[in-house]
Every structure is written in structure tokens, then in C-alpha cells.
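J.: Provided below for reference: sequence and predicted model.
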Amino acid sequence: MALYEESVHKAFDRIKHSKLNAYITLDKEGALETAGKVDDGKVSGRLAGMTVAVKDCITTKGLLTTCGSKILSGYVPPFDAEVVARLRKEGAVITGKTNMDEFAMGTSTESSYYGPTKNPWDLTRVPGGSSGGSGAAVAGLECRMALGTDTGGSVRCPASFCGVVGIKPTYGLVSRYGVIAYANSLEQVGPMARNVSDAALLLDVIAGHDPKDSTSVPHDACYTDHLVEDVKGLTIGVPKEYFGEGTDKKVDNAVWSAIMKLDKLGADYKEVSLPHTKYALSAYYIIAMCEASSNLARFDGLRYGLRIGKDENWHTTFSRIRAEGFGEEVKRRIMLGTYALSEGYYGKYYLKALKVRTLIKQDFEKVFKGVDVLAAPTMPTTAFKIGEHADDPLSMYMADIDTVPVNLAGVPSISVPCGFAGKLPIGIQFIGGFFDEPKIIRTAHTYELNTDFQKLPEGF
Amino acid sequence: MAISVKDVQHIASLACVDLNETEQERFAKQFNSILEYFKELDGLNTEGVEPTYHVIGLNNVFREDDAYEPLPQEEALKNAPRHEKGYFKGPRIV
């Protein structure tokens, strides 16, 4: 059998026997067809024959796209998202659509209508969210690389919890055309892979200006050119606010060991401060919920999606469809967003949060005048148990403390494995200034080449 | 000001989401603790600070006003749960 077809069969055999629930929809037929064309020399490109899984909030022409929600069950998009079109152009073999928190709202992939994804390192734990299916699929060898989306840490969190690499690009670097919007001023599509080289390659393919997305920024760079083993002369800032109360001791130790390692490899480090960090969580959740309440108004069961029972008047029909189609976390955020945008509260919540966002962005701009990259824990803990935060949404929101400031400011960040607590992986994130992906990739790549944390979970 | 079950009902109506009684009570409780947490922003002076809507500061993004082939009607209706004579079919408005 031909080489790439065989690798598709291998991946699908693994998926068939998998306990992870990493995928919502599989496309074996399409994958084999593309792989066959690559084998026959009819298709070529930078990703030729490589298996790539796509998060289920990214539209794929002719392939079921549900956003992890009941309200979109049965939705087959008539077009490809720009990032998917770019994958296809480079010969990628798309394996299917990965599981996610419903409408990308979550830190655990537990809120998916299609059941939670399990962490490959410990099946009783979450893979992180909301791109948990993508993280688990990459870690569990169910694809070579994957696309996720990162609104408040949703690529970096599952990368950290599943022991893989994830990049949240600068806002505007990657097209959002065809990405089902949750909080559009914050979210970016990002690559996930088992090593920095693959993540950089995938970023090369998806990055670049798209006239179809008016938030897309013209910016040219080649990321694989920066896969250089050299951190000499780099100054790494260590923001003290990211090592606060709630940070697991083992995470703290692993991240500091990584910083010391980079110091030994020729980088310098110094402690820095991002004074408005403690306001980031509130500002993030207010902005995200307000944008979500507005974006999700389009789900009315009219042009696509769920339509149930007999039609009554407009308001009753749509309220019933939305009650049936949305899960609890989605309802919670739509409701809070609606409240925060309602008359008399706009200034108190949304406008205030946007001003706090300015202060947080200025913190980053100031600090990057003195350092090249920042190093911090990606998540304050390792993967938690499935169901651990079920009754207390606020406690789950708190887990995003180290990732959300990056989305508010719009700067890029990469998460790479930096150790283990017992058998659970720990992630470190390197944050850069606007369009400083080359610097964070170089730092992460050098670190990766000089450490041994890119392991496979037991039994894989 | 605490959020009551009645407030939750009002917001649910604005958001077009039906909630059952259990959900209303649970949300009222959760919303209070979440909004209490958001109060920490009140302690930060943001006078004179401009809000950030777009981090890169893009504005006035234009495109050519070119005509192109639209999505064929058949395809546009393919995902619609109810349609009739080439139109989407919605519930009565009045």
C-alpha cells in the first residue's frame, strides 16, 4: 500500500480503538482520497500527506460542523474557512472535526454536546479546553497536527494539559473567515502539534492577510525560518504576577527550571511586572460574554440548525429552540452578556472592561521595551478531574488567569511542555510583542531541543 | 444590587432563551457570585483611558465593490430546516 494512504489507515485504526472521544466527525473517505492523490503525485504542497485535524468551530465544506452544540447538529457548511482552504492547497489530509467546549466556551471540553474528551495522560481528567479534542488528538497520535482556536487560552490550555505545543498568534495574523464567532475581538485560530517545528510549519500555512476578513492584518513572515537553536542575547522577562497564589508548586518549579535552562543556554532573565494582570480575568469574561451574546443571536433555527416542534409566534419559537439547542455554559454567557449590555450597565461593564483592556495592553507594550519575550506558566495547575468544577463556573473561570491577558492585548504566545507533576504534563508559555512569533518560536524551539519533555502518554 | 429570579426571567426574555425554574434559580445564584467578582474593576480608576476595540487599531477596511456569483439558492437553503418555494420559512412575527 502507498505510504500516505497507509498512514491514514494507521491513524483511523487508532481512532477506532480510542477512548479519548477526540473527534465529533471523521472523514476517512476524504482523507484517503487526498492521501491517495499525494501518493500518486497528483497533489503536492508543504503539508502534503500530513494528517491534520480541525476544531469543530471551523467550517469545512461538505463536512458536518457543529461547534460542539446541539443547535448546529446536522449543519453542513457550503464553504471552507480560509484556514481550511489553505490547508487543502498545501496538500494536508484532513482527518475530521475535533471535539470542543460548546461554542468554544470553556476550559475543559466538558461542555460539548457530544460528550467530554478525555486526557490521554489520565482518562479521568480533562484535556483542557476549549480545543481539547485537538489537543488530545495530537497527543494521542490520532493526527499529526491540528487547528484550534484561542479566545482566552483555548489552544494553549489543552496544549499544556496534553503535553503538546500550541500557538496563539498575534490578533489579525490568521484569517477568522469561516470561524464560527464566539468573541471576535479576542479569538484567533492557532496550530497544535507534537513539536515546535510542526507548529511553525502549520502557522506558515495558515498565517497571512485575507481580504475576506476585515480584522485580518497584512503581515509577511516565514516562521519555519526561525527554527534556530540559539537564545544568546535574548532577554526573558518573568512576570511576577503569573506566579501568584493558586499556582501549583510543581508548576512553579518546572517553569523556573525552564527559565534557568534558557539562562544556561545563553539567554538572560529578569523579573518584571505587569501590574494590571489581576484585572484581566474580569475584563476578559465581560468582553467575551458581551460579544458572545451578540454573536450567538444569529442562532435562531431559521437558516440552519435546530428547529423543533410546531411554530408559534417568533419570540416563543426562537426562545424554545435556543433553550433546547444551547447547553448550560452557553446560556450562562449569553445571559450575562445580555445583562452587561443592557440599558444602564453598558458603561459599568463593557466599556469599563474595554478601558481595562487598554491598560493591560499598555502593560505589555511597556514591558517589551526591556525584554524580548516573557516566560510564565501556561496554566496554574495540571489537568483537573472531569466534573471537578461542575457546580462552580467561577472556579473554572479562574483557571484562565495566565492565558487571558495575552488575548486582551492581542500579542502572540506559544505553550510547550516543560515537565511533569506525577504523570501529568506541565506547560510553559513564551509571550512576545505584536508579530514577534519568530522570537517565541526560536525560544521554544531552542528549549525543546535541549530538554526531554516531548514524551508520549503511557500506552501510546 | 443582587440579581433576583425575576431579573433572570427578564434577561432570559431579552436574550430569547427559555429557562426552566431550576435553571432560573441556579443562574440567579451563580450570577450574583460572578458579578460580585467583576466588581473588582470598580476599584480601578480608568478616567481618561480610551477603550480598546481592536488591538491593532485597524479602521476603514474597504474592498472593491465587485460583483461575483452568489451562493446558489439551492445550496443556501440546504441547511434550512423549513423552506417553501425557494424561501426560508420562519414563524409568524405578528
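T.: Noted; the coordinates are in hand. Keep in mind the model is a prediction, meaning the values are calculated, not measured. Residues are numbered from 1 along each chain as shown, chains lettered A, B, ... in the order given.
J.: B:Glu23: neighbour count?
T.: B:Glu23 has 18 neighbours, counted by other Cβ atoms under 10 Å in any protein chain shown. The C-beta positions use only the backbone N, C-alpha and C, and glycine is treated the same way.
J.: likewise A:His17?
T.: 6.
J.: go on, A:Leu47?
T.: 24.
J.: same thing with the one 3 residues further on?
T.: Each residue near A:Met50 was counted by other Cβ under 10 Å, and the total is 23.
J.: Surely it touches A:Leu87?
T.: No - between A:Met50 and A:Leu87 there is no contact under Cβ atoms under 8 Å: 9.3 Å.
J.: can you tell me which residues contact B:Phe31?
T.: Shown in contact with B:Phe31 (Cβ atoms under 8 Å, 6 or more residues apart in numbering or on different chains): A:335-336, A:339, B:3, B:8.
J.: again but with A:Leu63, I slipped
T.: Contacts of A:Leu63 (Cβ under 8 Å, 6+ apart): A:25, A:27, A:30, A:76-77, A:94, A:96-97.
J.: Among those, name the buried ones.
T.: A:25, A:27, A:30, A:77, A:94, A:96-97 (16 or more other Cβ atoms under 10 Å in any protein chain shown).
J.: contacting residues around the closest residue to chain A within chain B?
T.: Nearest to chain A, among the residues of chain B, is B:Val55, at 3.0 Å (Cβ to the nearest Cβ). The contact partners of B:Val55, by Cβ under 8 Å, 6+ apart, come to A:171-172, A:185, A:361, A:409-410.
J.: let's see 10 Å
T.: Residues in contact with B:Val55, defined by Cβ atoms under 10 Å, 6 or more residues apart in numbering or on different chains, are A:170-172, A:185-186, A:215, A:217, A:357-358, A:361, A:364, A:407-411, A:434.
J.: Ok, A:Phe299 next?
T.: With Cβ under 10 Å, 6+ apart, A:Phe299 has these contacts: A:67, A:69, A:71-72, A:103, A:180, A:305-306, A:318, A:321-322, A:325-326, A:330, A:334, B:16.
J.: can you list the weak-confidence ranges in chain B?
T.: In the predicted model, chain B carries pLDDT under 70 at residues B:1.
J.: Of all the helix elements in it, which one is longest?
T.: The longest helix of chain B (DSSP state H) is helix B:21-38.
J.: Render the CA-only coordinates of it in CSV, please.
T.: In CSV, the C-alpha atoms belonging to helix B:21-38 read as follows (Å, rounded to 0.1, in the frame of the first residue of the first chain):
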residue,chain,number,x,y,z
GLU,B,21,-37.4,27.1,37.2
THR,B,22,-34.3,25.1,38.3
GLU,B,23,-32.1,27.0,35.8
GLN,B,24,-33.5,30.3,36.9
GLU,B,25,-32.7,29.7,40.5
ARG,B,26,-29.3,28.3,39.8
PHE,B,27,-28.4,31.2,37.4
ALA,B,28,-29.6,33.8,39.9
LYS,B,29,-27.2,32.4,42.5
GLN,B,30,-24.3,32.0,40.1
PHE,B,31,-24.8,35.4,38.5
ASN,B,32,-24.5,37.1,41.9
SER,B,33,-21.2,35.5,42.7
ILE,B,34,-19.8,36.2,39.1
LEU,B,35,-21.0,39.8,39.1
GLU,B,36,-19.6,40.2,42.7
TYR,B,37,-16.2,39.1,41.3
PHE,B,38,-16.5,41.6,38.4
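J.: Now do the buried residues in it.
T.: So, applying 16+ other Cβ under 10 Å, buried residues of helix B:21-38: B:23-24, B:26-28, B:30-31, B:34-35, B:38.
J.: just stretch A:385-397 next, same as before
T.: For stretch A:385-397, by 16+ other Cβ under 10 Å, it's A:386, A:389, A:393, A:396-397.
J.: Any residue of that stretch touching chain B?
T.: Yes - using Cβ under 10 Å from any Cβ of the partner chain, stretch A:385-397 reaches chain B at A:391-395, A:397.
J.: Average pLDDT for that stretch, rounded please.
T.: Mean per-residue pLDDT for stretch A:385-397: 94.
J.: Between the two ends of that stretch, how far is it?
T.: 15 Å (Cα to Cα, to the nearest Å).
J.: Mind jotting down where the strands sit in chain B?
T.: B:83-84, B:87-88 (DSSP state E).
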